[in-house]
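Novice: just a sequence and a predicted model for now, questions to come.
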Amino acid sequence: MEFVDHLPQEEYSAGVLAAALYIVSGVRGMERGTLSEQRDEDGNEVLSNMELVRLALPRRVFTLSQVKYAADRIIWLYENRHLIGGLKFVEEPEMLRFFFGKLTTTSEWPAELVAKFKADFGDSL
């Protein structure tokens, strides 16, 4: 919640961070937060106590350079976190919504994030 503190929790902070990290690095994280919760019986959003993104790094699989690459992209993303926007459901099943549901962005933030990334790194990658 602190990484993207400009976003309301209802726009799925951890899910947004996992998506943004994938866009700028190809590193996949797993959201553990409000997006993984079900709505209550009245259809209200149940806000999680924490919004987390889990990155699993098996120690015998990744090289130090790969870990440094991931850290570099996370730092870049933190420095440009103001470009990250929210997510909202366009299809939300009653069960396992985080698995079967479909989300869209609340703005054009992915394109803006990519444009900033290209401005900073060019075609060097």
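Specialist: Perfect, I can see it now. Here the structure is a predicted model, which means the values were calculated and not measured. Residues are numbered from 1 along each chain as shown.

Novice: got the buried residues for the lowest-mean-pLDDT helix or strand in the chain?
Specialist: Sorted by mean pLDDT, DSSP states H and E, the helices and strands of the chain end with helix 97-100, the least confident at a mean of 87. By 16 or more other Cβ atoms under 10 Å, the buried positions in helix 97-100 come out as 97, 98. C-betas here are computed from N, CA, C, even on glycine.

Novice: downstream of it, the next helix or strand is which one?
Specialist: Sequence-wise, the next helix or strand downstream of helix 97-100 (DSSP states H and E) is strand 102-105.

Novice: what's in contact with the longest helix along the chain?
Specialist: Counting residues, the longest helix in the chain under DSSP state H turns out to be helix 64-79. When contacts are defined by Cβ atoms under 8 Å, 6 or more residues apart in numbering, helix 64-79 is touched by residues 3, 20, 21, 24, 25, 27, 55, 57, 84, 117, 120.

Novice: how about stretch 23-35?
Specialist: 9-10, 12-15, 17-18, 21-22, 45-48, 50-56, 69-70, 73-74, 76-77, 87, 97-98, 110, 113-114, 117.

Novice: just the buried members of the residues you listed?
Specialist: 9, 12-15, 17-18, 21, 48, 51-53, 70, 73-74, 76-77, 87, 97-98, 110, 113, 117.

Novice: before we move on, the earlier item: output the longest helix of the chain as CSV, nothing but the C-alphas.
Specialist: Extracted in CSV, the C-alpha atoms of helix 64-79 (Å, rounded to 0.1, in the frame of the first residue of the first chain):
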residue,chain,number,x,y,z
LEU,A,64,23.1,-12.9,-9.2
SER,A,65,22.8,-10.8,-12.4
GLN,A,66,19.1,-11.8,-12.7
VAL,A,67,18.4,-10.8,-9.1
LYS,A,68,20.2,-7.5,-9.7
TYR,A,69,18.2,-6.9,-12.8
ALA,A,70,14.9,-7.5,-10.9
ALA,A,71,16.1,-5.1,-8.1
ASP,A,72,17.1,-2.5,-10.7
ARG,A,73,13.6,-2.6,-12.3
ILE,A,74,11.9,-2.5,-8.9
ILE,A,75,13.9,0.6,-8.0
TRP,A,76,13.1,2.2,-11.4
LEU,A,77,9.4,1.4,-10.9
TYR,A,78,9.4,2.9,-7.4
GLU,A,79,11.0,6.1,-8.7
